[in-house]
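Engineer: From the sequence below, what's the structure:
(one chain, ligands or ions: 3)
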Amino acid sequence: MSAIVVVGTQWGDEGKGRVVDGLARHSDIVARFNGGDNAGHTVVAEGHTLKLHLTPSGVLHSDLTLLIGAGVVVNPGTLVSEMDQLSSMGLDVGPDRLKLSAAAHLILPSHQALDGARDAARGKGAIGTTRRGIGPTYASKAARLGLRAGDMVEPERFAERVIETMEAHNRQLVDLGADPVPSDQVAADYCAYAQRLGPHLVDGSVVIGEALTAGKTVLCEGAQGLLLDLDHGTYPYVTSSSTVAGGASTGLGFGPQHISRVIGVAKAYTTRVGQGPFPTELLDQVGSRIREVGNEYGTTTGRPRRCGWLDVVILRYAARINGLDELALTKLDVLSGLKELKVATAYQRAGERVDHFPAEFGVEWLAQWRPIYEELPGWEDVISGVRRREDLPQAAQGYVARIEELTGIPVTFTGVGPQREQAITELTGPRL
Ligand code: GDP
Ligand code: IMO
Ligand code: MG
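Structural biologist: Numbering: from 1, shown residues only. Ligands and ions are numbered 1, 2, ... in the order given. Down below sits the predicted model:
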């Protein structure tokens, strides 16, 4: 019995989708435990390029069960259209395979409208959310006012609650100077989603518990990344869920002792979408070059991602919060052609130095610190065809080895291109 957890170690978009796809053949269930359709997880394999928002990234492996767990917030419209799209590609997303926890909360169009209105009301301090209604839906959940997927089984009561909830939201929208969202059509749409999704509903923790008891492997797919975590990220420039390894246990409903392995996914550099601090951000040509070569545009919103050097202080923070056993390093190929690379190894402020990420006291405190960089030689060669670490150029081998040295964590996966095969991989099955 074992759970493997894959989490992002930076600000999201590290390549979790492709790492989960890479591990899925060693697993029996792939389960999302947090976030919602703010996530965009890319899998490029078997002639497909999938940009998944809610469906777990194991979908190309036909023998797997896919679970959307209790900790996820679900926009049923997005889920239904994603299911339609995947099934039109010949992929099985029927109820025997794709399961939705009855305890997952539902996003309403009024949550989305509130997301936009509340972020706009922040003015200069806007978070730059994905406007998918994530924050307001988790807020409804915490306020014990939310609608859950399991509420869909009683259609009449469900329709009433959709209308009541939206009316309450509409009053808040008007207070914010935004347009209310008509609720009648939404109630009809949501009843249609309820019919469609009804057969997919399960008690998610029972599904996971039975699998673990039967000795199966559950692969837990994190969304977002450490620095977007509600508790440990760069608050308030964060998302509203638990993005860290512990979130797998609470979001899916199993005991943490089942976690046998935690894999942190890190880009070989750093990116961030939306507002908020980013100490190693590059506002120069190097940053633009990384954005263009790495195609750093958001999977969900298409926004250009901010780009910067790798921050090993952040990776050590990720190791501490998540208990990382391994690192999956993606997009090493994007760095080819840069003469010199920098990695942040510590922070300094007026002669004082810290080795940990100085974020606990807030973003204004963090802003007082500057990264201390170590310079490493770059490499010219294209590396997308390399499949063994020893075949990488010396400088690329040195870069990976230095990350291992500075974090104390082995790199067991190195991405050298977006395709499933474009990786140097030592990812294996569960480690008990
Ligand atoms: P996720 O949200 O963590 O799953 O990551 P995204 O899918 O949002 O963003 C990662 C992007 O990088 C996607 O477009 C992937 O296809 C791409 N990608 C992942 N690994 C690699 C890699 O090793 N090299 C290159 N060049 N692209 C990669
Ligand atoms: P994946 O799973 C990158 C960012 C948004 C914004 C902040 C809050 O693909 O890595 P939200 O809509 O969640 O309230 O937005 O979090 N954000 C992400 N950035 N990757 C993601 O997901 C993200 N999900 C949210 O840009 O700054
Ligand atoms: Mg993404």
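
Engineer: what residues are up against the residue nearest to residue 252 when sequence neighbours are not counted?
Structural biologist: Nearest in space to residue 252, with sequence neighbours left out and distances taken as C-beta to C-beta, 6 or more residues apart in numbering, is residue 69 at 4.2 Å. Where you see a C-beta, it was placed from the backbone N, CA and C, and this is true even at glycine. Contacts for residue 69 (C-beta atoms under 8 Å, 6 or more residues apart in numbering) come out as 31-33, 101, 104, 204, 208, 251-253.

Engineer: again, but for residue 41
Structural biologist: Contact analysis of residue 41 by C-beta under 8 Å, 6+ apart lists 16-17, 20, 51-53, 57, 221, 223, 299.

Engineer: In the stretch 51-200 of the chain, which residue sits nearest ligand 3?
Structural biologist: residue 51 (8.4 Å; C-beta to the ion).

Engineer: out of the contacts of residue 41, which are buried?
Structural biologist: The neighbour-count criterion (16 or more other C-beta atoms under 10 Å) marks 16-17, 20, 52-53, 57, 221, 223, 299 among these as buried.

Engineer: what's the spacing between the residue in the chain sticking out farthest from the centre and ligand 3?
Structural biologist: Distance from the C-alpha centroid of the chain peaks at residue 351, with 35.9 Å (C-alpha atoms, centre = their mean). Distance, residue 351 to ligand 3, by C-beta to the ion, to the nearest Å: 39 Å.

Engineer: Show me which residues of the stretch 251-400 of the chain sit near ligand 3.
Structural biologist: residue 299 (C-beta under 5 Å from the ion).

Engineer: now the helices for the stretch 251-400 of the chain?
Structural biologist: Across the stretch 251-400 of the chain, reading from the start of the chain, the helices by DSSP state H, counting those that start in this stretch fall at 285-293, 312-322, 363-366, 394-407.

Engineer: Give the other helices and strands that the longest helix anywhere in the chain contacts.
Structural biologist: Ranked by residue count and defined by DSSP state H, the top helix of the chain is helix 155-175. For helix 155-175, the contact count by 3 or more C-beta pairs under 8 Å, 6 or more residues apart in numbering; DSSP states H and E identifies helix 109-121, helix 183-197 as packing neighbours.

Engineer: What's the mean pLDDT across the first one?
Structural biologist: Model confidence over helix 109-121 averages 98 on the pLDDT scale.

Engineer: what do you get for the longest one?
Structural biologist: When the per-residue pLDDT values of helix 183-197 are averaged, the result is 96.

Engineer: export it as CSV, just CAs?
Structural biologist: What follows is the C-alpha trace of helix 183-197 in CSV, where atoms were taken according to Å, rounded to 0.1, in the frame of the first residue of the first chain:
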residue,chain,number,x,y,z
SER,A,183,-29.6,32.5,-11.8
ASP,A,184,-32.5,30.8,-13.7
GLN,A,185,-30.5,29.6,-16.7
VAL,A,186,-27.7,28.6,-14.4
ALA,A,187,-30.0,26.4,-12.3
ALA,A,188,-31.1,24.6,-15.5
ASP,A,189,-27.6,24.2,-16.8
TYR,A,190,-26.4,22.9,-13.4
CYS,A,191,-29.3,20.3,-13.3
ALA,A,192,-28.1,19.1,-16.7
TYR,A,193,-24.6,18.8,-15.4
ALA,A,194,-25.9,16.9,-12.4
GLN,A,195,-27.5,14.3,-14.6
ARG,A,196,-24.4,13.9,-16.6
LEU,A,197,-22.0,13.7,-13.6
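
Engineer: Output the contacting helices and strands for that helix.
Structural biologist: Helix 183-197 is packed against helix 76-88, helix 109-121, helix 155-175, with contacts defined by 3+ C-beta pairs under 8 Å, 6+ apart.

Engineer: Could you rerun that using 6 Å?
Structural biologist: Here helix 183-197 is seen to pack against helix 76-88, helix 155-175 when contacts are counted using 3 or more C-beta pairs under 6 Å, 6 or more residues apart in numbering; DSSP states H and E.

Engineer: Can you add mean pLDDT and mean neighbour count and give those helices back as JSON lines?
Structural biologist: As requested, these are arranged in JSON lines below (pLDDT from 0 to 100; neighbours: other C-beta atoms under 10 Å):
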{"stretch": "helix 76-88", "mean pLDDT": "98", "mean neighbour count": "17"}
{"stretch": "helix 155-175", "mean pLDDT": "97", "mean neighbour count": "16"}
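
Engineer: could those helices be laid out in CSV, adding distance to residue 379?
Structural biologist: Listed next are these as CSV, based on distance: least, C-beta to C-beta, whole Å:
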stretch, distance to residue 379
helix 76-88, 38
helix 155-175, 53
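
Engineer: For residue 228, which of those is the nearest?
Structural biologist: For these, proximity to residue 228 was assessed by C-beta to C-beta; helix 76-88 is nearest, at 19.3 Å.

Engineer: Can you identify the element that follows that closest one toward the C-terminus?
Structural biologist: Downstream of helix 76-88, the next assigned helix or strand under DSSP states H and E is strand 98-101.

Engineer: what separates that next one from the chain centre, distance-wise?
Structural biologist: Offset of strand 98-101 from its chain centre (C-alpha atoms, centre = their mean, to the nearest Å): 18 Å.

Engineer: residue contacts, residue 194?
Structural biologist: Applying C-beta atoms under 6 Å, 6 or more residues apart in numbering, one finds that residue 194 lies in contact with 152, 155, 158.

Engineer: and the chain, what are its domains?
Structural biologist: Annotated domains of the chain cover 2-101+200-262, 105-197, 269-425 [automatic domain parsing].

Engineer: most packed of those domains?
Structural biologist: Highest mean neighbour count among the domains of the chain (mean count of other C-beta atoms under 10 Å): domain 2-101+200-262, with a mean of 22.

Engineer: of all the buried ones among the contacts of residue 41, which comes closest to residue 180?
Structural biologist: Using C-beta to C-beta, residue 53 comes nearest to residue 180 of those, at 26.2 Å.

Engineer: That closest one and residue 80, how far apart?
Structural biologist: Distance, residue 53 to residue 80, using C-beta to C-beta, to the nearest Å: 12 Å.

Engineer: correct me, but residue 272 touches residue 11?
Structural biologist: Yes: the pair residue 272 / residue 11 is scored as a contact, 4.0 Å apart, by C-beta atoms under 6 Å.

Engineer: Got the phi and psi for residue 229?
Structural biologist: The phi and psi torsions at residue 229 (degrees, to the nearest 10) take the values phi -70, psi 140.

Engineer: got a list of what it touches?
Structural biologist: For residue 229, the contacting residues are 243-244, taking C-beta under 6 Å, 6+ apart as the criterion.

Engineer: Show the pLDDT at it.
Structural biologist: Looking at residue 229 specifically, the model assigns a pLDDT of 98.
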